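>>> Requesting a structural model of the entry that follows:
(one chain, ligands or ions: 1)
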Amino acid sequence: MAWQEIIVDTQTEAVEAVSNILMEAGAEGIQIEDAADVQNFEPNDATVMVDWDTVAHLETGAKVAGYFIEDVNLPEVIHDVQMRVHGLAAFGLDAAPGLVHTTKVDEENWATVWQKYYHPVRVTRYLTVVPKWETYTPADEREQQIVLDPGMAFGTGTHPTTRLMLEAEEVHLRGGEQVLDVGTGSGVLSIAAKLLGAKAVVATDIDEVAVRSAQLNLDLNPAATDIEVLASDLLNDVRVQQFDVIIANMLAEVLVPLVPQMSAFVHPGTKILLSGIYFDKAETIKQLLIENGYQVIEMSQLGDWFGIVAEVPVEDAD
Ligand SMILES: C[S@@+](CC[C@H](N)C(=O)[O-])C[C@H]1O[C@@H](n2cnc3c(N)ncnc32)[C@H](O)[C@@H]1O
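Next comes the predicted model:
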């Protein structure tokens, strides 16, 4: 059996909490390397003397590695682990630097590993995510299919943060909208927007792998026309225009600079659909929206994750 290794660079005091996070994320085993173990090492009668100059060890901090079975959805698990490690500060634990990385995954074999485990999922009332190698017959004529090759990008449609956004799109899109999808990942939310009647979509991602993966997924969906995918850090490379709907499923740390930047891209009535918000950041993002002139109209929760829908207020006609 092959294993995926997810490693968190952290501090001694956070080792136990990070180990718990990795176990809760599905790790089958944990390995800890802690500089403090070397510093506090006291040989006793039963210990052979260790010459630390000749043994590879950490000089500072700690590394916690979790071992996951090969079918794990790596981008989604990494995202979860990253969020929860960042969240430790709220409990007074210093987990810095809190970097999450993996041992190299062979991109060639990635999809083959997936195919055994990845099947159609009806994510919302009308939207079903179907892997590209499956032939699927919808249960009724209202059910729409988003065909995806999961590749290396985040967004198979089943992660709670993506589900919150798909549900929000289903509720708030009316048809004919110009949509901006920031941090498109696999492109899942852009494809959904088109299936729900959007006129055109601009989809961005900072990650070139995601940009390529989104483009490949658009090509699998006949409805995914008029979607422009571009590489951009937040909105830096997006041509200024006014969108009717802006969607972003990203960590709160990334939403914080995004919210003020959106002001140049909205008009009265523009809807903002945000997700990727871990529960302890929901109030911060809500207040940030209010400070930037938005009216928060909906907050939804799935497990530990929040979605927020806000709107640019429309002036009263009288
Ligand atoms: C949680 S995933 C969301 C993917 C997909 N939209 C979904 O809902 O499933 C967040 C995405 O945002 C992208 N991202 C992170 N920081 C970004 C930034 N500063 N600018 C643009 N995209 C960014 C990541 O590469 C990733 O693809």
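>>> can you pull out the helices in this protein?
Applying DSSP state H to the chain gives helices spanning 15-24, 35-39, 74-87, 107-115, 160-172, 188-195, 208-219, 252-261, 282-291.
>>> lowest average confidence, helix or strand, in the protein?
Taking mean pLDDT, DSSP states H and E as the measure, the helix or strand of the chain with the lowest value is helix 107-115, at a mean of 52.
>>> now the closest residue to N217 other than its chain neighbours: how far from H101?
Using CB to CB, 6 or more residues apart in numbering and skipping the chain neighbours, the partner closest in space to N217 is G187 (4.5 Å). C-beta here means a position set from N, CA and C on the backbone, and glycine is covered the same way. From G187 across to H101, the span is 25 Å (CB to CB, to the nearest Å).
>>> So which of the two has more stuff around it?
More crowded of G187 and H101, by other CB atoms under 10 Å: G187, with 30 against 12.
>>> coming back round to it: for the helices of the chain, state which one has the densest average packing.
Ranked by mean neighbour count, the helices of the chain are led by helix 188-195 with a mean of 28 (mean count of other CB atoms under 10 Å).
>>> Break this protein into its domains for me.
Annotated domains of the chain cover 3-104, 152-311 [automatic domain parsing].
>>> so where is the stretch 1-150 of the chain shaky, pLDDT-wise?
For the stretch 1-150 of the chain, the stretches flagged by pLDDT under 70 are 1-2, 37-58, 104-118, 150.
>>> At the contact with the ligand, which residues of the stretch 151-300 of the chain appear?
153-155, 161-162, 165, 182-185, 188-189, 204-207, 210, 233-234, 249-250, 254, 276 (CB under 6 Å from any ligand atom).
>>> Swap in 8 Å and give it another go.
Contacts of the stretch 151-300 of the chain with the ligand, taken as CB under 8 Å from any ligand atom, map to 153-157, 159, 161-162, 165, 181-189, 204-207, 210, 232-234, 247-251, 254, 257-258, 275-276.
>>> Quick one: buried ones out of these?
By neighbour count, with 16 or more other CB atoms under 10 Å, these hold 153-157, 159, 161-162, 165, 181-189, 204-205, 207, 210, 232, 234, 247-251, 254, 258, 275-276 as buried.
>>> how far away is the closest residue to the ligand within the stretch 1-150 of the chain from T156?
Nearest residue of the stretch 1-150 of the chain to the ligand, counting by CB to the nearest ligand atom: H79, 5.4 Å away. According to CB to CB, H79 and T156 sit 12 Å apart.
>>> ok, the residue of the stretch 1-150 of the chain closest to the ligand to Q295 distance?
Counting by CB to CB, the gap from H79 to Q295 is 29 Å.
>>> how about the strands of the stretch 1-150 of the chain, start to end?
3-10, 29-34, 62-69, 99-102, 121-122, 127-131, 144-148 (DSSP state E, counting those that start in this stretch).
>>> anything in the fourth one near the ligand?
No. Strand 99-102 is not in contact with the ligand by CB under 8 Å from any ligand atom; minimum separation 13.4 Å.
>>> now do the fifth one
No. Contact check for strand 121-122 against the ligand, using CB under 8 Å from any ligand atom: none in range, with a minimum separation of 13.1 Å.
>>> all numbers from here: first residue = 30
Yep, numbering from 30; the last one is strand 150-151 now.
>>> Can you tell me which helices and strands that strand packs against?
Strand 150-151 makes packing contacts with strand 156-160 when contacts are defined by 3 or more CB pairs under 8 Å, 6 or more residues apart in numbering; DSSP states H and E.
>>> Which strands and helices lie in contact with the strand it packs on?
Judged by 3+ CB pairs under 8 Å, 6+ apart, the packing partners of strand 156-160 are strand 150-151, strand 173-177, helix 217-224.
>>> Outside of the longest one itself, list whatever touches it.
Same thing as helix 217-224. Counting contacts by CB atoms under 8 Å, 6 or more residues apart in numbering, the residues outside helix 217-224 that touch it are 156, 158, 173, 175, 177, 184-186, 191, 194-195, 198-199, 202, 206, 208, 210, 213, 230, 232, 243, 246-247, 250, 252-256, 258, 274, 276, 278.
>>> if we go to 7 Å?
Helix 217-224 is contacted by residues 156, 158, 173, 175, 177, 184, 186, 191, 194-195, 198, 202, 208, 210, 213, 230, 232, 246-247, 250, 252-253, 256, 276, 278 when judged by CB atoms under 7 Å, 6 or more residues apart in numbering.
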